[in-house]
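only geometry, no sequence info:
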DNA sequence: GTTCATGCAAAGGTTTTGCAGATTG
DNA sequence: CAATCTGCAAAACCTTTGCATGAAC
(Lines give C-alpha, C1' and ligand atoms only; values in the text may rest on other atoms or scores of the structure.)
Protein backbone atom coordinates (compact mmCIF):
# COMPACT_ATOMS: atom_id res chain seq x y z
CA UNK A 1 0.00 0.00 0.00
CA UNK A 2 1.28 3.43 -0.91
CA UNK A 3 2.61 5.65 1.86
CA UNK A 4 0.70 8.79 2.54
CA UNK A 5 2.32 12.17 2.00
CA UNK A 6 1.15 15.48 3.27
CA UNK A 7 -0.61 17.84 0.90
CA UNK A 8 -1.92 21.27 1.72
CA UNK A 9 -4.76 20.76 -0.72
CA UNK A 10 -5.98 17.68 1.09
CA UNK A 11 -5.66 19.47 4.41
CA UNK A 12 -7.71 22.36 3.11
CA UNK A 13 -10.44 20.08 1.73
CA UNK A 14 -10.77 18.34 5.05
CA UNK A 15 -10.78 21.59 6.99
CA UNK A 16 -13.47 23.00 4.77
CA UNK A 17 -15.68 19.96 5.29
CA UNK A 18 -15.27 20.22 9.05
CA UNK A 19 -16.62 23.76 9.11
CA UNK A 20 -19.78 22.87 7.21
CA UNK A 21 -22.77 21.28 8.80
CA UNK A 22 -24.53 20.81 5.49
CA UNK A 23 -23.08 18.18 3.17
CA UNK A 24 -21.53 19.77 0.13
CA UNK A 25 -20.94 18.07 -3.21
CA UNK A 26 -17.48 17.78 -4.74
CA UNK A 27 -18.24 20.80 -6.84
CA UNK A 28 -19.05 22.98 -3.86
CA UNK A 29 -15.90 21.82 -2.13
CA UNK A 30 -13.97 22.74 -5.26
CA UNK A 31 -15.44 26.23 -5.50
CA UNK A 32 -14.62 26.94 -1.88
CA UNK A 33 -11.16 25.47 -1.65
CA UNK A 34 -10.36 27.42 -4.79
CA UNK A 35 -10.65 30.61 -2.78
CA UNK A 36 -7.57 29.48 -0.89
CA UNK A 37 -5.77 27.53 -3.62
CA UNK A 38 -6.92 29.11 -6.88
CA UNK A 39 -5.04 26.56 -8.98
CA UNK A 40 -6.49 23.45 -7.42
CA UNK A 41 -8.21 21.20 -9.94
CA UNK A 42 -11.48 19.33 -9.71
CA UNK A 43 -9.56 16.10 -10.25
CA UNK A 44 -7.51 16.73 -7.14
CA UNK A 45 -10.65 17.44 -5.16
CA UNK A 46 -12.19 14.15 -6.27
CA UNK A 47 -9.01 12.22 -5.61
CA UNK A 48 -8.72 13.59 -2.10
CA UNK A 49 -12.37 13.17 -1.26
CA UNK A 50 -12.06 9.52 -2.28
CA UNK A 51 -8.88 9.08 -0.33
CA UNK A 52 -10.23 10.73 2.80
CA UNK A 53 -13.35 8.63 2.75
CA UNK A 54 -11.30 5.45 2.32
CA UNK A 55 -9.27 6.52 5.34
CA UNK A 56 -12.50 6.99 7.25
CA UNK A 57 -11.80 10.67 7.89
CA UNK A 58 -14.90 11.81 6.05
CA UNK A 59 -18.08 10.16 4.87
CA UNK A 60 -19.24 9.85 1.30
CA UNK A 61 -22.99 10.01 0.84
CA UNK A 62 -23.70 8.35 -2.47
CA UNK A 63 -26.72 8.98 -4.55
CA UNK A 64 -29.20 11.22 -2.94
CA UNK A 65 -30.11 11.77 -6.55
CA UNK A 66 -27.50 13.68 -8.50
CA UNK A 67 -23.94 14.20 -7.32
CA UNK A 68 -22.44 12.61 -4.22
CA UNK A 69 -22.37 14.57 -0.99
CA UNK A 70 -19.60 14.58 1.59
CA UNK A 71 -19.86 14.75 5.34
CA UNK A 72 -16.99 15.85 7.57
CA UNK A 73 -18.58 14.11 10.53
CA UNK A 74 -17.97 10.37 10.70
CA UNK A 75 -19.88 9.42 13.82
CA UNK A 76 -22.85 7.34 12.69
CA UNK A 77 -26.00 9.30 12.10
CA UNK A 78 -28.85 9.36 9.63
CA UNK A 79 -29.43 11.80 6.82
CA UNK A 80 -32.43 13.56 5.48
CA UNK A 81 -32.87 15.01 2.02
CA UNK A 82 -35.38 17.75 1.29
CA UNK A 83 -37.35 16.97 -1.83
CA UNK A 84 -37.92 20.63 -2.45
CA UNK A 85 -34.54 22.26 -2.08
CA UNK A 86 -32.31 19.21 -2.31
CA UNK A 87 -30.45 20.02 0.88
CA UNK A 88 -29.06 17.11 2.90
CA UNK A 89 -29.32 17.44 6.68
CA UNK A 90 -28.27 15.39 9.68
CA UNK A 91 -30.98 13.72 11.68
CA UNK A 92 -30.92 12.99 15.36
CA UNK A 93 -32.28 9.49 15.91
CA UNK A 94 -32.23 6.68 18.36
CA UNK A 95 -29.72 3.98 17.56
CA UNK A 96 -31.21 2.31 14.57
CA UNK A 97 -28.62 0.19 12.89
CA UNK A 98 -28.84 -2.52 15.49
CA UNK A 99 -32.60 -2.59 15.30
CA UNK A 100 -32.44 -2.77 11.54
CA UNK A 101 -29.97 -5.61 11.44
CA UNK A 102 -32.02 -7.62 13.86
CA UNK A 103 -35.04 -7.23 11.65
CA UNK A 104 -33.47 -9.15 8.79
CA UNK A 105 -34.82 -12.66 8.40
CA UNK A 106 -33.57 -15.73 6.61
CA UNK A 107 -30.43 -14.27 5.15
CA UNK A 108 -27.37 -16.46 4.91
CA UNK A 109 -24.99 -13.75 3.73
CA UNK A 110 -23.13 -11.36 5.99
CA UNK A 111 -24.34 -7.85 6.74
CA UNK A 112 -21.62 -5.35 7.50
CA UNK A 113 -23.36 -2.04 7.04
CA UNK A 114 -26.76 -0.52 7.14
CA UNK A 115 -27.75 2.88 5.90
CA UNK A 116 -31.00 4.62 6.68
CA UNK A 117 -32.08 7.70 4.80
CA UNK A 118 -35.11 9.89 5.10
CA UNK A 119 -36.83 12.11 2.57
CA UNK A 120 -39.41 14.85 2.96
CA UNK A 121 -39.68 18.59 3.41
CA UNK A 122 -37.11 20.41 5.49
CA UNK A 123 -38.07 22.91 8.19
CA UNK A 124 -37.09 25.88 6.08
CA UNK A 125 -39.15 24.78 3.07
CA UNK A 126 -42.14 24.10 5.36
CA UNK A 127 -42.40 27.85 5.92
CA UNK A 128 -42.44 28.84 2.26
CA UNK B 1 -50.79 15.59 -18.57
CA UNK B 2 -50.11 13.59 -21.70
CA UNK B 3 -52.30 10.58 -22.48
CA UNK B 4 -50.56 7.23 -22.42
CA UNK B 5 -50.33 5.16 -25.56
CA UNK B 6 -49.49 1.52 -25.79
CA UNK B 7 -46.02 0.54 -26.86
CA UNK B 8 -44.72 -2.96 -27.31
CA UNK B 9 -41.29 -1.81 -26.17
CA UNK B 10 -42.62 -0.58 -22.86
CA UNK B 11 -44.56 -3.80 -22.44
CA UNK B 12 -41.49 -5.86 -23.11
CA UNK B 13 -39.37 -3.87 -20.65
CA UNK B 14 -41.92 -4.37 -17.94
CA UNK B 15 -42.30 -8.06 -18.65
CA UNK B 16 -38.57 -8.55 -18.54
CA UNK B 17 -38.33 -6.87 -15.16
CA UNK B 18 -41.11 -9.08 -13.80
CA UNK B 19 -39.23 -12.25 -14.65
CA UNK B 20 -36.08 -11.18 -12.84
CA UNK B 21 -35.62 -11.42 -9.15
CA UNK B 22 -32.33 -9.62 -9.23
CA UNK B 23 -32.43 -5.90 -9.99
CA UNK B 24 -30.94 -5.15 -13.35
CA UNK B 25 -29.53 -1.82 -14.46
CA UNK B 26 -30.89 0.02 -17.49
CA UNK B 27 -28.06 -1.40 -19.52
CA UNK B 28 -28.93 -5.00 -18.67
CA UNK B 29 -32.56 -4.32 -19.49
CA UNK B 30 -31.44 -2.90 -22.81
CA UNK B 31 -29.28 -5.90 -23.69
CA UNK B 32 -32.09 -8.29 -22.92
CA UNK B 33 -35.00 -6.48 -24.54
CA UNK B 34 -32.81 -6.11 -27.58
CA UNK B 35 -33.06 -9.87 -28.09
CA UNK B 36 -36.75 -9.32 -28.82
CA UNK B 37 -36.65 -5.86 -30.38
CA UNK B 38 -33.20 -5.55 -31.91
CA UNK B 39 -33.77 -1.94 -32.91
CA UNK B 40 -34.75 -0.62 -29.52
CA UNK B 41 -32.52 2.19 -28.32
CA UNK B 42 -31.03 2.85 -24.93
CA UNK B 43 -32.88 6.17 -24.84
CA UNK B 44 -36.19 4.38 -25.15
CA UNK B 45 -35.25 2.03 -22.36
CA UNK B 46 -34.41 4.94 -20.08
CA UNK B 47 -37.55 6.83 -21.05
CA UNK B 48 -39.74 3.85 -20.29
CA UNK B 49 -38.01 2.92 -17.08
CA UNK B 50 -38.56 6.49 -15.89
CA UNK B 51 -42.16 6.45 -17.01
CA UNK B 52 -42.91 3.10 -15.40
CA UNK B 53 -41.41 4.14 -12.14
CA UNK B 54 -43.41 7.37 -12.17
CA UNK B 55 -46.51 5.29 -12.73
CA UNK B 56 -45.54 3.16 -9.77
CA UNK B 57 -45.35 0.00 -11.83
CA UNK B 58 -41.71 -0.58 -11.10
CA UNK B 59 -39.26 0.71 -8.55
CA UNK B 60 -36.11 2.68 -9.25
CA UNK B 61 -33.24 2.00 -6.88
CA UNK B 62 -30.86 4.90 -7.21
CA UNK B 63 -28.84 4.23 -4.15
CA UNK B 64 -26.17 1.71 -4.72
CA UNK B 65 -23.17 3.42 -6.15
CA UNK B 66 -22.89 3.24 -9.92
CA UNK B 67 -25.84 2.89 -12.24
CA UNK B 68 -29.43 2.81 -11.06
CA UNK B 69 -31.12 -0.53 -10.57
CA UNK B 70 -34.73 -1.36 -11.32
CA UNK B 71 -37.07 -3.62 -9.44
CA UNK B 72 -40.21 -5.11 -10.96
CA UNK B 73 -41.64 -5.68 -7.51
CA UNK B 74 -43.22 -2.61 -5.92
CA UNK B 75 -44.31 -3.96 -2.56
CA UNK B 76 -42.10 -2.32 0.06
CA UNK B 77 -39.04 -4.30 0.99
CA UNK B 78 -35.40 -3.62 1.78
CA UNK B 79 -32.42 -4.18 -0.44
CA UNK B 80 -28.97 -5.55 0.07
CA UNK B 81 -25.91 -4.91 -2.04
CA UNK B 82 -22.97 -7.28 -2.11
CA UNK B 83 -19.71 -5.38 -1.81
CA UNK B 84 -17.89 -8.11 -3.65
CA UNK B 85 -20.00 -8.80 -6.73
CA UNK B 86 -22.21 -5.71 -6.76
CA UNK B 87 -25.40 -7.71 -6.94
CA UNK B 88 -28.53 -6.21 -5.39
CA UNK B 89 -30.84 -8.60 -3.58
CA UNK B 90 -34.16 -8.38 -1.80
CA UNK B 91 -34.16 -8.76 1.95
CA UNK B 92 -36.91 -10.15 4.05
CA UNK B 93 -37.32 -7.97 7.12
CA UNK B 94 -39.78 -7.02 9.77
CA UNK B 95 -41.64 -3.80 9.09
CA UNK B 96 -38.98 -1.20 9.59
CA UNK B 97 -40.10 2.08 8.17
CA UNK B 98 -42.44 2.77 11.02
CA UNK B 99 -39.78 1.97 13.58
CA UNK B 100 -37.35 4.19 11.77
CA UNK B 101 -39.67 7.16 11.58
CA UNK B 102 -40.46 6.92 15.26
CA UNK B 103 -36.79 7.02 16.08
CA UNK B 104 -36.33 10.52 14.69
CA UNK B 105 -36.01 13.18 17.39
CA UNK B 106 -36.32 16.94 17.38
CA UNK B 107 -37.09 17.39 13.73
CA UNK B 108 -39.51 20.07 12.72
CA UNK B 109 -39.69 19.20 9.02
CA UNK B 110 -41.91 16.56 7.51
CA UNK B 111 -40.76 13.02 6.74
CA UNK B 112 -42.52 11.35 3.86
CA UNK B 113 -40.21 8.49 2.98
CA UNK B 114 -37.60 6.32 4.51
CA UNK B 115 -35.15 4.07 2.77
CA UNK B 116 -33.13 1.37 4.44
CA UNK B 117 -30.27 -0.32 2.65
CA UNK B 118 -27.90 -3.04 3.72
CA UNK B 119 -24.40 -3.85 2.54
CA UNK B 120 -22.18 -6.86 3.03
CA UNK B 121 -21.27 -10.15 1.42
CA UNK B 122 -23.94 -12.15 -0.37
CA UNK B 123 -24.43 -15.88 0.23
CA UNK B 124 -22.85 -16.83 -3.07
CA UNK B 125 -19.71 -14.77 -2.46
CA UNK B 126 -19.43 -16.20 1.08
CA UNK B 127 -18.58 -19.57 -0.48
CA UNK B 128 -15.80 -18.35 -2.74
C1' DG C 1 -55.01 13.39 -38.55
C1' DT C 2 -53.46 14.29 -34.08
C1' DT C 3 -50.85 12.76 -30.40
C1' DC C 4 -47.57 10.16 -28.37
C1' DA C 5 -43.49 6.96 -28.75
C1' DT C 6 -39.40 5.64 -31.09
C1' DG C 7 -34.50 5.50 -32.92
C1' DC C 8 -30.63 7.90 -33.46
C1' DA C 9 -27.12 10.74 -32.14
C1' DA C 10 -25.55 14.49 -29.71
C1' DA C 11 -25.03 16.69 -25.32
C1' DG C 12 -25.36 16.80 -20.27
C1' DG C 13 -23.60 16.10 -15.65
C1' DT C 14 -20.52 13.62 -12.65
C1' DT C 15 -16.39 11.15 -11.82
C1' DT C 16 -12.06 8.88 -13.17
C1' DT C 17 -7.61 8.64 -15.37
C1' DG C 18 -2.97 9.39 -17.96
C1' DC C 19 0.78 12.05 -17.87
C1' DA C 20 4.50 15.48 -17.15
C1' DG C 21 5.97 18.33 -13.69
C1' DA C 22 5.97 19.88 -8.73
C1' DT C 23 6.17 18.61 -3.88
C1' DT C 24 7.15 15.76 0.10
C1' DG C 25 10.01 12.79 2.95
C1' DC D 1 16.48 10.76 -5.06
C1' DA D 2 12.37 8.10 -4.77
C1' DA D 3 7.62 8.17 -3.88
C1' DT D 4 3.57 10.64 -3.90
C1' DC D 5 0.65 14.45 -5.26
C1' DT D 6 -0.80 18.02 -8.44
C1' DG D 7 -2.89 20.49 -12.55
C1' DC D 8 -4.54 19.84 -16.83
C1' DA D 9 -7.23 17.78 -20.18
C1' DA D 10 -9.18 13.92 -22.15
C1' DA D 11 -12.05 10.12 -21.51
C1' DA D 12 -15.32 7.25 -19.15
C1' DC D 13 -19.69 6.60 -17.42
C1' DC D 14 -24.55 7.06 -16.88
C1' DT D 15 -28.55 9.55 -18.25
C1' DT D 16 -31.26 13.00 -20.69
C1' DT D 17 -32.78 15.44 -24.78
C1' DG D 18 -33.85 17.31 -29.71
C1' DC D 19 -35.55 16.03 -33.75
C1' DA D 20 -37.49 13.63 -37.69
C1' DT D 21 -39.95 9.40 -38.46
C1' DG D 22 -43.18 5.82 -37.11
C1' DA D 23 -47.04 3.80 -34.41
C1' DA D 24 -51.36 4.25 -31.74
C1' DC D 25 -55.89 6.00 -31.22
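That came through, no problem. Not measured: the values here are computed from a predicted model.

Quick one: name the residues of chain A near DNA strand D.
Counting by C-beta under 7 Å from any atom of the strand, the residues of chain A close to DNA strand D are A:2-5, A:7, A:9-10, A:37, A:39-44, A:47-48. All C-beta spots, glycine's among them, are computed from the backbone N, C-alpha and C.

so how far is residue A:25 from residue A:57?
18 Å (C-beta to C-beta, to the nearest Å).

Same check on residue A:125?
19 Å.

Identify the residue nearest residue A:89 in space, chain neighbours excluded?
Computed as C-beta to C-beta, 6 or more residues apart in numbering or on different chains, the closest residue to residue A:89 that is not its neighbour in sequence is residue A:80, at 4.8 Å.

Can you tell me which helix or strand of chain A has the lowest average pLDDT?
Of all helical and strand segments in chain A, the minimum by mean pLDDT, DSSP states H and E falls on helix A:97-102, at a mean of 81.

Enumerate every residue touching the residue of chain A positioned farthest from its centre.
Of all residues in chain A, residue A:106 sits farthest from the chain's C-alpha centroid, using C-alpha atoms, centre = their mean; the distance is 31.3 Å. Applying C-beta atoms under 8 Å, 6 or more residues apart in numbering or on different chains, we find residue A:106 in contact with residue B:92.

so which of the residues of chain A next to DNA strand D is the most crowded?
Neighbour counts for the residues of chain A next to DNA strand D, by other C-beta atoms under 10 Å in any protein chain shown, peak at residue A:48, which reaches 22 neighbours.

any idea which element that residue lies in?
helix A:42-54 (DSSP states H and E).

related to what we said a few turns ago, quick one: buried residues of the least confident helix or strand of chain A?
For helix A:97-102, the neighbour count (16 or more other C-beta atoms under 10 Å in any protein chain shown) marks A:97, A:99-101 as buried.

so what secondary structure elements neighbour the strand ranked longest in chain A?
Ranked by residue count, the top strand of chain A under DSSP state E comes out as strand A:110-121. Strand A:110-121 sits against strand A:78-82, helix A:97-102, helix B:97-102, strand B:110-121, with contacts defined as 3 or more C-beta pairs under 8 Å, 6 or more residues apart in numbering or on different chains; DSSP states H and E.

what angle sits between it and strand B:110-121?
160 degrees (axes from the mean of the first three to the mean of the last three C-alpha atoms, to 10 degrees).

which residues are contacting the next helix or strand after strand A:110-121?
As assigned by DSSP H and E, the chain's next helix or strand after strand A:110-121 is helix A:123-126. Residues outside helix A:123-126 that contact it (C-beta under 8 Å, 6+ apart) are A:82, A:84-85, A:87, B:107-110.

buried residues in helix A:123-126?
Within helix A:123-126, the residues scored as buried using 16+ other C-beta under 10 Å are residue A:125.

these two touch, right, residue A:115 and residue B:114?
No: in this structure residue A:115 lies outside contact range of residue B:114 using C-beta atoms under 8 Å: 11.4 Å.

Between those two, tell me which one has more neighbours.
A direct count of neighbours by other C-beta under 10 Å for residue A:115 and residue B:114 places residue B:114 higher, at 21 against 18.

In this structure the more buried one contacts residue A:119, no?
Yes: look at residue B:114 against residue A:119 with C-beta under 8 Å: they come within range, at 7.4 Å.

Look at stretch A:96-109 and report the distance between its end residues.
20 Å (C-alpha to C-alpha, to the nearest Å).

Break chain A down into its structural domains.
Per the record, chain A has its domains at A:1-73, A:75-128, by automatic domain parsing.

and these as TSV, adding distance to residue B:31?
Listed next are the domains of chain A as TSV, based on distance: least, C-beta to C-beta, whole Å:
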stretch	distance to residue B:31
domain A:1-73	23
domain A:75-128	26
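
Pick out the shakiest of the ones you listed, pLDDT-wise.
With a mean of 88, domain A:75-128 has the lowest mean pLDDT of the domains of chain A.

That one spans what distance, first to last residue?
Domain A:75-128 has its terminal residues 32 Å apart, counting by C-alpha to C-alpha.
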